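Q: return a 3D structure for these sequence lines:
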Amino acid sequence: MQPYSYKDIWRVSIPIMLGLLAQNVVQLTDTFFLGYVGGIEQSASGLAGIYYVAIFTICFGFSIGGQIMISRRNGEKNYDKIGSIVIQGTIFLQLFAVILFFASTFLLENVLAAFLKSPEIYEATEKYLSWRIYGFFFAVINVMFRAFYVGIARTKVLTYNAIVMAITNIIGDYVLIFGNWGFPELGVEGAAIASVLSEIASVLFFVIYTFITIDFKKYGFVKMKFKPAIIKNILSISSFTMVQYLISMSTWFIFFVAIEQHSEDALKITNLVRSFYMVYFIPMNALATTANTLVGNTMGMGNIKGVLPLVKKISLLNLGIVSLLIIATLIAPQFWISFIAPRDQVSLIGEIVAPLVVLLFSLPISALGTVVFNSISGTGNTKSALILECITLVVYMLAMFWIVMYKQASVAWCWTVEYFYWGPLLIMSVLYLTKAKWQNKRI
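A: Numbering: from 1, shown residues only. Purely as a prediction, here's the structure:
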């Protein structure tokens, strides 16, 4: 069996990359438009966005478990078992979305206010999230469609879908934030509603596209009965990924809350640096997702010896792309920052450069770390991935406590905590893939 070539890797990863680019336009559009409303609203949307993702990532972790199973069945050519994974996963996640919706409402009203120092930021965050959490019910459907198409390595649809999301969000932001075309001027609430509308448009697109292009009989979509055994099998893999994602994103949210304790300006600066991070992470996340699914397909075909060379190829591609992004940013950092800085906070542009440079030099480590780490999940050894993540997050939290909370360091120094996350994760992931016995994992 021939190993995957660079061309094969690009064929799978480029549509994912373009899809992530369009999806990130949703977040970046909110950041851009709310910059015209004010720095408070822009910062609140960024903080609320991380909160939303931190909660929703439990569902995304479940879909990753489904994706791992789908890619393995695809590699085994057991196509008729794939549809059941998608259907049962969607049913389970809809029920889970109800729980997340009410849990988020409780946390928003009873917990978040206690952690935020600025009443203005809390008020804007509460307004955004009061609408945004309705997106749970549509986002969970989207992630299972994504798991299906990534798992069978038909990723081109993700680009089309994300374009639909981006266009819907841009139009929604334009009319709802500012009150254009006869719509009410809703400000930060308009941004949240636009994001929910983009997720609804995404679901409609996936449903129509799937009905037109997919052979339901081939992939077993004709079997619509509720099957708890399949959900149990998915959970046997995804439960560790769900916990892993929740812990990881929760600590990311804690980082932003800790920064908010410094000052409103510190949060504004951090939120803008995060916007750059989102852009840099597009190719990194795309190639990490590619590693996850191609490793699963490779093992499904029985080509165990092809896994490590595949991971090496994807890692080198990721490192090369990130290096180009670093160079492009370093040439004119203030030029790029000026695009998204709030119009009432132009004076902050110079203060954003230092933390942005700190982030830039962590990217080569994260580029390698995210591919190698996601490859472990691709083998089906999600319990081991969770253990590595937990060890890493202990180091990360200790660094955050010392640098961000105790020392109350500058924003630039606060961003050095990224090195304490990606460094240990990369080292332990490499050691696991080269030394541990992961080759015979059955799922």
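Q: what is the rounded mean pLDDT of the host helix or strand of residue 104?
A: Using DSSP states H and E, residue 104 maps to helix 82-110. The average pLDDT within helix 82-110 is 88.
Q: report the buried residues of it.
A: Across helix 82-110, burial judged by 16 or more other C-beta atoms under 10 Å covers 82-93, 96-97, 100, 104, 108. For the C-beta atoms, the positions are set from N, CA and C on the backbone; glycine is no exception.
Q: which SS class is residue 437?
A: Look at residue 437: counting by DSSP: H, G, I helix; E, B strand; the rest coil, its state is coil.
Q: and it, how many neighbours?
A: Residue 437 is flanked by 8 other residues according to other C-beta atoms under 10 Å.
Q: ditto for residue 203
A: When neighbours are counted by other C-beta under 10 Å, residue 203 comes out with 17.
Q: would you confirm that it contacts residue 140?
A: No. Between residue 203 and residue 140 there is no contact under C-beta atoms under 8 Å: 9.7 Å.
Q: rewinding a little: can you name every helix or strand that the helix holding residue 104 contacts?
A: When contacts are defined as 3 or more C-beta pairs under 8 Å, 6 or more residues apart in numbering; DSSP states H and E, helix 82-110 sits against helix 39-76, helix 119-132, helix 136-151, helix 228-260.
Q: how about those helices in JSON lines, adding mean pLDDT, mean neighbour count and distance to residue 176?
A: Output for the helices and strands packed on helix 82-110, formatted as JSON lines (pLDDT from 0 to 100; neighbours: other C-beta atoms under 10 Å; distance: least, C-beta to C-beta, whole Å):
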{"stretch": "helix 39-76", "mean pLDDT": "81", "mean neighbour count": "25", "distance to residue 176": "13"}
{"stretch": "helix 119-132", "mean pLDDT": "87", "mean neighbour count": "20", "distance to residue 176": "10"}
{"stretch": "helix 136-151", "mean pLDDT": "91", "mean neighbour count": "24", "distance to residue 176": "17"}
{"stretch": "helix 228-260", "mean pLDDT": "83", "mean neighbour count": "20", "distance to residue 176": "25"}
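Q: and these: which comes nearest residue 294?
A: Proximity to residue 294 (C-beta to C-beta) singles out helix 39-76 among the helices and strands packed on helix 82-110, at 7.9 Å.
Q: so where's the stretch 201-350 of the chain uncertain?
A: Along the stretch 201-350 of the chain, the model assigns pLDDT under 70 to residues 223-225, 340-347.
Q: hmm, 80 instead?
A: Within the stretch 201-350 of the chain, the ranges that satisfy pLDDT under 80 run 222-227, 241, 245, 249, 264, 268, 293, 296-297, 300-303, 338-349.
Q: show me the helices in it, by range?
A: Per DSSP state H, counting those that start in this stretch, the stretch 201-350 of the chain carries helices over the ranges 228-260, 264-300, 307-331, 333-337, 349-360.
Q: most packed of those helices?
A: Among these, helix 264-300 has the highest mean neighbour count (mean count of other C-beta atoms under 10 Å), at a mean of 24.
Q: and it with helix 119-132, angle?
A: For helix 264-300 against helix 119-132, the angle by axes from the mean of the first three to the mean of the last three C-alpha atoms, to 10 degrees is 40 degrees.
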